[in-house]
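Enquirer: Give me a model of this one.
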Amino acid sequence: MSPERRAALAALIEAEMAGLPVEAHDAATGHPLCVVGFGAEEVLAATLAMISTEVTMGARVRAFEAVWAARCGKRHGVLVNSGSSANLLLLAGLVEAGHLAPGDEVLVPAVGWSTTLFPVAQVGLVPVLVDVDPATLCLDPKSAAAARSPRTRAAFAVHLLGQAAEMAPYEDLLVLEDACGAHGATIGGRPVGSVGLGATFSFFFSHHITTIEGGIVVTDDDVLADTLRSLRAHGWVRERSDRAALEAASPEIDPRFLFVSPGYNLRPTELTAAFGLVQDRRLDAWVARRRANHADWCARLAGIPGLTVFPEAPGTTHAGFAFPLLVAGDRGGCMAALEARGIATRPISGSNLARQPAFARVPARTPVPLTVADAVHTNGFFVGNSHAFGPDHGARLADALHTWSSS
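Expert: Numbering: from 1, shown residues only. Below is the predicted model:
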């Protein structure tokens, strides 16, 4: 494409997408769960990818994998089509690479997303649901210690809604990180995603940054990274660093269709990566605003009777994905009061996953009381946070909750 035609295309897209991404949302119009977080630059990058006709895994995917892995302090990134797929891929890869074996137990917090829990069982491992910390709503070390058995091999720490989970108590286990909602969070000065053997992120539309759909696994383990690349794309050898040796070991098979793992099709597109390369440049400033909102809202809501908030834990940087609350009493009434004021609400992830109907079909252990998870299930909800929100949103939320509490 000539420079003149590219400039004309960019001008057209910019005109159509004026004002996007939303950088400053007017609280007077309500308090949504999220705002549109992409604009003309992302759309132009994706459009140029389509015009190039190079639309499946290629140079853009490799570039974004390298950028995100470096952000997490890891050497390998494996981009996939969703954060849920990233969890499935990581767990399947750990089994395929021999880090875990079918029947091994994995500690999983009872409060989290469904596709943090389900893939553990889907690859033949045994999820062990444990309670969450009442101060952070992340994996509780005391509950986890009580739940362990001789078969416990790993802990899957979820950095819930932007709060980094404590991971040091699990260092004798294989530590995994679900950072799907914690882009930019830190613990002990280290970015989430840098601590465990493997970590996952989601780039869904409503997350800190977006590729519309998309996810990634990061790791330093060379064998695991090769395994993930095979499993991501049918089980073939094309993206593996040891491709030549594998091809030499099976000379009777055309190397273009040589399969060495029982893989999936979780591949991303070049459009996904084009979006991600632009969005990555926005992340640090946006997380700083989300963190400021979180601190401001905690301060505004402290002391409201019957209400619990969750300030940033010491030694961490909160990424402010969403703002969780616990209410004593009528959660439904509180949520309805907020919704009537234009403040959107949702339950806290899947709440206590052991109480979801699908859990009856998950081969798992629940050896310890899930007291905090039950409280979250019954009394917890969250409201949206965003880089485009600010003090006016905190004031609106505080006014609505003060009114609800006094009534």
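
Enquirer: How confident was the prediction at the residue nearest the centre of the chain?
Expert: The centre of the chain sits closest to Cys180, judged by Cα atoms, centre = their mean, with a distance of 0.7 Å. At Cys180 the predicted local confidence, pLDDT, stands at 98.

Enquirer: That one contacts Ser206, correct?
Expert: No: between Cys180 and Ser206 there is no contact, the gap being 11.3 Å when judged by Cβ atoms under 8 Å. Glycine gets a C-beta too; all of them are placed from N, C-alpha and C.

Enquirer: Tell me how far stretch 106-121 lies from the chain's centre.
Expert: The offset between the C-alpha centroid of stretch 106-121 and the centroid of the whole chain comes to 13 Å, using Cα atoms, centre = their mean, to the nearest Å.

Enquirer: Show me what the mean pLDDT comes to for that stretch.
Expert: This predicted structure assigns stretch 106-121 an average pLDDT of 98.

Enquirer: what's the span of that stretch, first residue to last?
Expert: Distances were taken as Cα to Cα, to the nearest Å; on that basis the terminal residues of stretch 106-121 are 9 Å apart.

Enquirer: which ones are touching the residue nearest to the centre of the chain?
Expert: The contact partners of Cys180, by Cβ atoms under 8 Å, 6 or more residues apart in numbering, come to Gly83, Ala86, Asn87, Trp113, Thr116, Thr200, Phe201, Ser202, His207, Gly215.

Enquirer: and the closest residue to Gly263 other than its chain neighbours, what is it in contact with?
Expert: When the adjacent residues along the chain are set aside, Gly263 lies closest to Gly235, with 3.0 Å between them (Cβ to Cβ, 6 or more residues apart in numbering). Contacts for Gly235 (Cβ under 8 Å, 6+ apart) come out as Phe259, Val260, Ser261, Pro262, Gly263.

Enquirer: roughly how far apart are Gly235 and Glu247?
Expert: Here Gly235 is placed at a distance of 14 Å from Glu247 (Cβ to Cβ, to the nearest Å).

Enquirer: For the longest helix along the chain, what is the distance to the chain centroid?
Expert: As assigned by DSSP state H, the longest helix anywhere in the chain is helix 283-301. When C-alpha coordinates are averaged (Cα atoms, centre = their mean), helix 283-301 and its chain have centres 18 Å apart.

Enquirer: Pull out the buried residues from the helix or strand where Phe275 lies.
Expert: When secondary structure is defined by DSSP states H and E, Phe275 falls within helix 270-280. Neighbour counts using 16 or more other Cβ atoms under 10 Å place Glu270, Leu271, Thr272, Ala273, Ala274, Phe275, Gly276, Leu277, Val278, Gln279, Asp280 of helix 270-280 among the buried residues.

Enquirer: cool, stretch 188-198 as well?
Expert: Buried, per 16+ other Cβ under 10 Å, within stretch 188-198: Pro191, Val192, Gly193, Ser194, Val195, Gly196, Leu197, Gly198.

Enquirer: tell me which of those residues is nearest to Leu107?
Expert: Gly196 (12.5 Å; Cβ to Cβ).

Enquirer: Need phi/psi at the residue of the chain most remote from its centre.
Expert: Within the chain, the residue lying farthest from the chain centre (Cα atoms, centre = their mean) is Glu252, at 42.0 Å. When quoted as degrees, to the nearest 10, the phi and psi of Glu252 stand at phi -80, psi -10.

Enquirer: Quick check, pLDDT for it.
Expert: In the prediction, the pLDDT value recorded for Glu252 is 98.

Enquirer: Relative to Tyr170, how far out is it?
Expert: Distance, Glu252 to Tyr170, by Cβ to Cβ: 45 Å.

Enquirer: same question, Ala337
Expert: Summarising the geometry, the distance separating Ala337 from Tyr170, computed by Cβ to Cβ, is 40 Å.

Enquirer: Equivalent analysis for His234, please.
Expert: Plainly put, His234 is 33 Å away from Tyr170 if you go by Cβ to Cβ.

Enquirer: okay, these two: which has more neighbours?
Expert: Comparing His234 with Tyr170 by other Cβ atoms under 10 Å, the one with more neighbours is Tyr170, at 24 against 17.

Enquirer: Surely that one is in contact with Arg153?
Expert: No: with contact defined as Cβ under 8 Å, Tyr170 does not count as touching Arg153 (10.8 Å).

Enquirer: Ramachandran coordinates for Pro324?
Expert: Reported as degrees, to the nearest 10, the phi and psi values for Pro324 are phi -80, psi 150.

Enquirer: Pairing partners for it in the sheet, please.
Expert: When bridges are taken as DSSP bridges, the partners of Pro324 come out as Phe382.

Enquirer: so what's it up against?
Expert: Leu137, Leu160, Leu161, Val309, Phe310, Ile348, Gly380, Phe381, Phe382.

Enquirer: mind running it again at 6 Å?
Expert: Shown in contact with Pro324 (Cβ atoms under 6 Å, 6 or more residues apart in numbering): Leu161, Phe310, Ile348, Phe382.

Enquirer: per-domain residue ranges of the protein.
Expert: As given by automatic domain parsing, the domain ranges for the chain are 48-280, 283-406.

Enquirer: Can you give me the separation between the closest residue to Gly58 other than its chain neighbours and Ala49?
Expert: Distances taken as Cβ to Cβ, 6+ apart place Glu270 nearest to Gly58, at 5.4 Å, with adjacent residues excluded. Glu270 is 4 Å from Ala49, where distance means Cβ to Cβ.
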